[in-house]
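Student: 3D model of this:
(one chain, ligands or ions: 1)
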Amino acid sequence: MRMQRSWFIGLALLTIGGTPLMAQSMVQERVDLDIVAKIRAEGLEHSQVEQIVRTMTEVFGPRLTNSPANRNANAWAAKTLGEWGLRNAQVEPWDQPFGRGWERSRVAVRVLDPVPSLVIADVQAWSGSTNGTVSCPVVVVEVEDTTDLAQYKGKLKGACVFQGAPASAAPELDAPPGRSTLDFLLRPPEARQGGVDQSRIAALRARFARRRVMLRAVNALLQQEGPVATIQPSRWSYNILLTGSHPDGNTARDSVYNPTPAIVIGKEQYGQIYRNVKAGIPTRLEVNVQTRFIDGNRLGENVMAEIPGTDKADEVVMLGAHYDSWHSGTGATDNAAGSAVMMEAIRILKTLNLPMRRTVRIGLWSGEEQGLIGSRAWVRMHAKELPNISAYVNVDNGTGKLRGIWDQMNERAIPIFEQILFPFRDQGVIAVRHGNTGGTDHLSFDAVGVPGFNFIQDPIEYGTRTHHSNIDTFDHLLIDDLKQAATVVAWTVYHLANRDDMMPRKVRPTP
Ligand SMILES: [Zn+2]
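Tutor: You can find the predicted model right below:
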């Protein structure tokens, strides 16, 4: 690795990021600005991220783990990475089964009485089918605790069961944030973390435990009674449908059990029907749900590929994202965006043919939405290699451009990332923050002692519109933000692959 112009960024810059300087020995990173310029030119001016993400979302569609679309998208990604010249490009099955695949071919809901109307609806994943088109009276079931259940015995067979009251759908008076503010990005870590209130956590745990008991009792009653379908309001307004797993989804994946269709409808329409039923107005729906379970191959899959290193080829820097999604949109911001960013980042590195000392490996995981299953399987299957993995970087917070990275409570990573990311200040990358971020695949690496990091992104519409919703589609992607993200990731991975030492391991494990 020859550097014509090197840039030593020292102590002076390290107070800029708003991160406290730790009492530690200072590292100096050789930041190669010629390489930065090459990566920026390829990533910002010759990007292929738009074609990649469009193929993922609009050619293959939603990629629910083990669905036919998930497998087709996996095969395409492995083939594409191989065609780019990456080594060992493959679909790698997990060592343990995930369960049956599932897809739906029809969800149609209409109000018949009191006033005919169409209903915007979808089903939870691993729902069963109705017996063709059926009409059903609406029965509202509202339970505070298990003693409330008795009154519904014998009343739910053949009904469409509305589950509880809808939350308010009042207008949103303030616009959601969109871009991160400097105030947020540069906030000192103490302000974000606060003290952990143990009594609040205990109360929340107790509430969840009570809820689980209740849900089990409700589901047992529903199974006995045999309603046509259960119907829930979406948690978001504006007829956006938020979907996830059927309450019996795990059971349905493991067996031949065919659960009662669990339908989600727009919050506003749910409210209208609910209020009519509560007012004593007889209300009937017509429902047709057709789904299909796919037996046979029950193993989940990840997609892997790599660029071999030079003199440190037995050491590895990994980049990855989860490629699976929920089913009601096309999984665009969650997480075709992160997957396309990672594919594009490794394409940039391969296209520029830059010498890299360590092996660079991409992982596109499935099963993340059901509990990081794919990345956990990978670290379990490759336990012997873990000591040689320098770091794993992840993108999974929507379409927003990268604004920095969390140190994941690994203080020794802070000065390294500060210096690596400094040449991208003009692209808005400004924060190396001390703290944990959760909920995605870097945790699988962190849990086994491999430094795992997740980038900080602008929120855009992620937490308010697209995350797990039916409008998580290509139209809601910001392509220029994805170009920026892929460029930053490519540079970060390049630098980590070439620095003299591996990324320092954590001194203290994640609490
Ligand atoms: Zn995600």
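
Student: okay, buried residues for whichever strand or helix holds residue 487 please.
Tutor: When elements are assigned from DSSP states H and E, residue 487 belongs to helix 479-498. For helix 479-498, a neighbour-count test (16 or more other CB atoms under 10 Å) marks 479, 481-498 as buried. In short, each C-beta sits where N, CA and C put it, glycine included.

Student: apart from its neighbours in sequence, what residue is nearest the most centrally placed residue in the chain?
Tutor: Computing the C-alpha centroid of the chain and ranking residues by CA atoms, centre = their mean puts residue 334 first, at 4.7 Å. Sequence neighbours aside, residue 467 is the residue nearest to residue 334 in space, at 5.5 Å (criterion: CB to CB, 6 or more residues apart in numbering).

Student: same question, residue 62
Tutor: Once chain neighbours are set aside, the closest to residue 62 by CB to CB, 6+ apart is residue 327, at 4.5 Å.

Student: that neighbour: neighbour count?
Tutor: Other residues within reach of residue 327 by the criterion other CB atoms under 10 Å amount to 27.

Student: what of the one 5 residues further on?
Tutor: Neighbouring residues of residue 332 were enumerated by other CB under 10 Å; the total is 26.

Student: ok, now residue 402?
Tutor: When counting by other CB under 10 Å, one arrives at 27 neighbours for residue 402.

Student: which ones are touching it?
Tutor: Contacts here follow CB atoms under 8 Å, 6 or more residues apart in numbering; on that basis residue 402 touches 395, 424, 428, 429, 455, 456, 457, 484, 485, 488, 489.

Student: return the per-residue confidence for it.
Tutor: With respect to pLDDT, residue 402 has a value of 98.

Student: over to residue 387?
Tutor: On the pLDDT scale, residue 387 gets 98.

Student: kindly report the same for the one 4 residues further on.
Tutor: According to the model's per-residue confidence, residue 391 sits at a pLDDT of 98.

Student: pretty sure residue 141 contacts residue 164?
Tutor: Yes: Residue 141 is in contact with residue 164 according to CB atoms under 8 Å; the separation is 7.3 Å.

Student: how about the residues of the stretch 251-400 of the chain by the ion?
Tutor: In this structure, the stretch 251-400 of the chain approaches the ion at residues 334, 335, 396, judged by CB under 5 Å from the ion.

Student: now with 6 Å?
Tutor: Counting by CB under 6 Å from the ion, the stretch 251-400 of the chain comes close to the ion at 322, 334, 335, 368, 396.

Student: export those residues to TSV and append columns for pLDDT and secondary structure.
Tutor: TSV is the format used below for these (pLDDT from 0 to 100; DSSP: H, G, I helix; E, B strand; the rest coil):
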residue	pLDDT	secondary structure
322	98	strand
334	97	helix
335	97	helix
368	97	helix
396	97	coil
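
Student: returning to that earlier point: so how many other residues sit close to the residue nearest to residue 334?
Tutor: Burial of residue 467, expressed as a neighbour count using other CB under 10 Å, amounts to 19.

Student: please report phi then psi for it.
Tutor: Torsion angles at residue 467 (phi, psi; degrees, to the nearest 10) stand at phi -60, psi 110.

Student: wait, isn't it in contact with residue 398?
Tutor: Yes: shown here, residue 467 and residue 398 form a contact pair, counting by CB under 8 Å, at 7.1 Å.

Student: which neighbours do the two have in common?
Tutor: Counting by CB under 8 Å, 6+ apart, the residues touching both residue 467 and residue 398 are 333, 334.

Student: roughly how far does residue 167 sit from residue 274?
Tutor: Look at residue 167 and residue 274: by CB to CB, to the nearest Å, they are 11 Å apart.

Student: okay, the two: which has more neighbours?
Tutor: Taking other CB under 10 Å, residue 167 and residue 274 do not tie; residue 274 has more neighbours (20 against 14).

Student: could you identify which of the residues of the stretch 251-400 of the chain next to the ion has the most neighbours?
Tutor: When neighbours are counted as other CB under 10 Å, the busiest of these turns out to be residue 335, with 32 neighbours.

Student: tell me where the stretch 401-511 of the chain has strands.
Tutor: Remark: strands of the stretch 401-511 of the chain, listed N- to C-terminal, are 402-406, 431-433, 452-457; assignment by DSSP state E, counting those that start in this stretch.
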